[in-house]
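*Asks:* Next one to model:
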Amino acid sequence: LVIFGRSEIKEGAMASSSGDAKAPGLSAIEEIAEGYLATAKKGDLLPLFGVKWTCETAMKLLREEPNILNVSCPVTVVGDIHGQFYDLLKIFEQNGYPPATNYVFLGDYVDRGANSVQVMTLLLCLKIRYPKCMTLLRGNHECRQISSLYGFFAECSSKFKDDQGADVWKLFTDMFDYLPLGALIDNRILCIHAGMSPGIISLDQIRVMERFTELEQSYPLQDLMWSDPSQKINGFYKSDRGNGYLFGRDIVDRFLEENKLELIVRSHQLCKEGHQVLFDKKLITVWSAPNYCYRMGNKASVLVVDQPGRYRFNTFEASTQNRKIAEEQES
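*Replies:* Model (predicted):
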């Protein structure tokens, strides 16, 4: 249980007073979230106490969620973001902000891109303000080891001075341990970050996994965050990534049949056109970071599931700000 002292609530309320006018009937938590959300949408940083309040409030919500959340159509599924804040804004601008649109995010919010702090802040503020409209899953970069190596820790350190960067990184990474593992859309479509594990044949096994831990401490958990499909194999083979497995069509067919599912939706792999459909439309990869790392030149997409068996891709190019960052890195 997260307990908030009066001083923290007061600080948050003071911050919220500078935001947009509040709708009547909001709770104290919702009112604070409204103020921080207004700041987050502009790409401005929250002060340390604001980051602390946001992470701890989100943790309180996330710890009450099951490992696999049940979600209803219509819903928009978003793949890897990787710190590309302005491309995330483009997703919301084109597809709608909550509560007008329901979302499932597949993880990998941080690292690689220039603005992981802003991405994470915006998503958490939306989660707190509209918890039923925002499903945030865990990806392989939502852990301490990976995010300390691939940019998130360095970004926190550069954006928060006087040694606050390490505190900010710890607040976010402690929250990562509480992110759910999957979402089930109308009991027919499974959303996960990456893929299958040799040790998991049923949804019930995922439902009872201990997820409140660092990824490196659980191999089946790592597999869900690291594995990739392959059209060249049957069964499982160890992945060249160093974690997880490659898995073939037979594994997908067996898992779908065992669990009475129709489709697996995942992210984790760059797709030049923003998405890839495999195994007779039984597995879809969605990639939502256009011009990945500001140099790959790829398109991006989100998957809009209007109802089971009826879905469409909204494909988009990189934002203007993405191209500006790319030009700055080249100069």
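
*Asks:* Can I get stretch 231-247 in PDB, CA atoms only?
*Replies:* C-alpha atoms of stretch 231-247 as PDB (Å, rounded to 0.1, in the frame of the first residue of the first chain):
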ATOM      1  CA  GLN A 231       9.500 -18.700 -40.300                       C
ATOM      2  CA  LYS A 232      12.600 -20.900 -40.700                       C
ATOM      3  CA  ILE A 233      12.200 -23.300 -37.800                       C
ATOM      4  CA  ASN A 234       9.900 -25.500 -35.800                       C
ATOM      5  CA  GLY A 235      10.000 -25.700 -32.100                       C
ATOM      6  CA  PHE A 236      12.400 -23.500 -30.000                       C
ATOM      7  CA  TYR A 237      16.000 -22.500 -30.600                       C
ATOM      8  CA  LYS A 238      18.100 -20.200 -28.400                       C
ATOM      9  CA  SER A 239      18.100 -16.700 -29.600                       C
ATOM     10  CA  ASP A 240      21.100 -14.800 -30.800                       C
ATOM     11  CA  ARG A 241      20.000 -11.900 -28.600                       C
ATOM     12  CA  GLY A 242      21.500 -13.800 -25.600                       C
ATOM     13  CA  ASN A 243      18.100 -14.000 -23.900                       C
ATOM     14  CA  GLY A 244      14.900 -15.700 -24.900                       C
ATOM     15  CA  TYR A 245      14.200 -18.100 -27.900                       C
ATOM     16  CA  LEU A 246      13.300 -18.200 -31.500                       C
ATOM     17  CA  PHE A 247      10.000 -20.100 -31.900                       C
END
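
*Asks:* Buried residues, it. List them.
*Replies:* Neighbour counts over stretch 231-247 (16 or more other C-beta atoms under 10 Å) mark 236, 239, 243, 244, 245, 246, 247 as buried. All C-beta atoms are positioned from the backbone trio N, CA, C, and that covers glycine.

*Asks:* Other residues contacting that stretch?
*Replies:* With C-beta atoms under 8 Å, 6 or more residues apart in numbering as the test, stretch 231-247 has contacts from 140, 194-198, 222-223, 225-230, 248-251, 278-279.

*Asks:* gap between it and the chain center?
*Replies:* 23 Å (C-alpha atoms, centre = their mean, to the nearest Å).

*Asks:* Just the buried subset of the contacts of stretch 231-247, please.
*Replies:* Listed as buried from the contacts of stretch 231-247 are 140, 194-197, 222-223, 225-230, 248-249, 251, 279; burial here means 16+ other C-beta under 10 Å.

*Asks:* mind listing which of the contacts of stretch 231-247 are in helices?
*Replies:* If you go by DSSP state H, the contacts of stretch 231-247 have 222, 223, 225, 226, 249, 250, 251 in helices.

*Asks:* What is the strand or helix carrying residue 173 packed up against?
*Replies:* Per DSSP states H and E: residue 173 is located in helix 164-176. Counting contacts by 3 or more C-beta pairs under 8 Å, 6 or more residues apart in numbering; DSSP states H and E, helix 164-176 packs against helix 48-62, helix 116-129, helix 144-149, helix 152-159.

*Asks:* Which of the residues in the helix or strand hosting residue 34 are classified as buried?
*Replies:* Per DSSP H and E, residue 34 falls inside helix 28-41. Under the neighbour-count criterion of 16+ other C-beta under 10 Å, helix 28-41 has 29-41 buried.
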